[in-house]
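**Q** sequence first, then the predicted structure, then my questions.
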Amino acid sequence: MSIENYIRDIQDFPKPEIGFKDITPLLADPKATEECLELLLKGVNGKKIDKVVGVESRGFFFGTLLAQKLNAGFVPVRKPKKLPFTTISATYDLEYGTDTLEIHTDAIQKGDKVLIHDDVLATGGTAKAVCELVEKLGGEIVQCNFIMELTFLKGKEKIGEYQVYSPLKY
């Protein structure tokens, strides 16, 4: 089974000239979801993980599954004013403006081994901001995990100091 067959391209979403990689068909099929999870776990390769940080919102789907399989805690990183406790934030550039992400201040303890997960590595701005948040709280980033990497956008260069794993590359 190839999980790539369960990812559909949506043209001109969320704006004209953008090609969106939609993972909802992957999520709708339990066998494809299991295969994707196994590929992501293979990329972790037995590393010790204390926390899995999932990036809003598509990073939550496999982030929680990874955390469960790795016997680790799950930490959501969300857009502003979505988390109820004290937070810290990081602002980053997008192709069409800026955005901000937040994390609870007590979500990661100093020395926690952290796996960061999102569905797509594109320009790397989101991933870089999440790395900054994790390190500000004292976490040690073990790896940044993605279902897919859009290599032509060179996001890996922005987070090149960290180990990056993605089973699919476009």
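**A** Cool, the structure landed.
**Q** every contact and neighbour count from this point should use C-alpha atoms.
**A** Fine.
**Q** give me the below-cutoff pLDDT ranges for the protein.
**A** The chain contains residues with pLDDT under 70 at 95-96.
**Q** where along it do the strands fall?
**A** Using DSSP state E, the strands found in the chain span residues 8-11, 19-22, 51-55, 73-77, 87-94, 97-104, 113-121, 140-149, 164-165, 168-169.
**Q** please identify the deepest-packed of these.
**A** Of these, the one with the most neighbours on average (mean count of other CA atoms under 10 Å) is strand 51-55, at a mean of 28.
**Q** can you pull up the bridge partners for the most centrally placed residue in the chain?
**A** Nearest to the geometric centre of the chain sits Asp118, at 1.7 Å (CA atoms, centre = their mean). Here Asp118 shows beta-bridge partners Phe146, assigned using DSSP bridges.
**Q** that one reaches Val55, doesn't it?
**A** Yes. With contacts counted by CA atoms under 8 Å, Asp118 reaches Val55, the gap being 5.4 Å.
**Q** what residues are bridge-paired with Pro76?
**A** Gly54.
**Q** any figure for the gap between it and Thr151?
**A** 25 Å (CA to CA, to the nearest Å).
**Q** what of Tyr92?
**A** Taken as CA to CA, the span from Tyr92 to Thr151 is 20 Å.
**Q** quick one, what contacts the residue nearest to the centre of the chain?
**A** Contacts for Asp118 (CA atoms under 8 Å, 6 or more residues apart in numbering) come out as 54-56, 58-60, 63, 145-147.
**Q** ok, so of those, who is nearest Leu39?
**A** Of all the contacts of Asp118, Leu39 sits closest to Ile147, with 8.7 Å by CA to CA.
**Q** looking at the protein, which helix is longest?
**A** Using DSSP state H, we find that the single longest helix of the chain is helix 30-44.
**Q** strand 113-121 and that one, what's the angle between them?
**A** Angle, helix 30-44 to strand 113-121, by axes from the mean of the first three to the mean of the last three CA atoms, to 10 degrees: 130 degrees.
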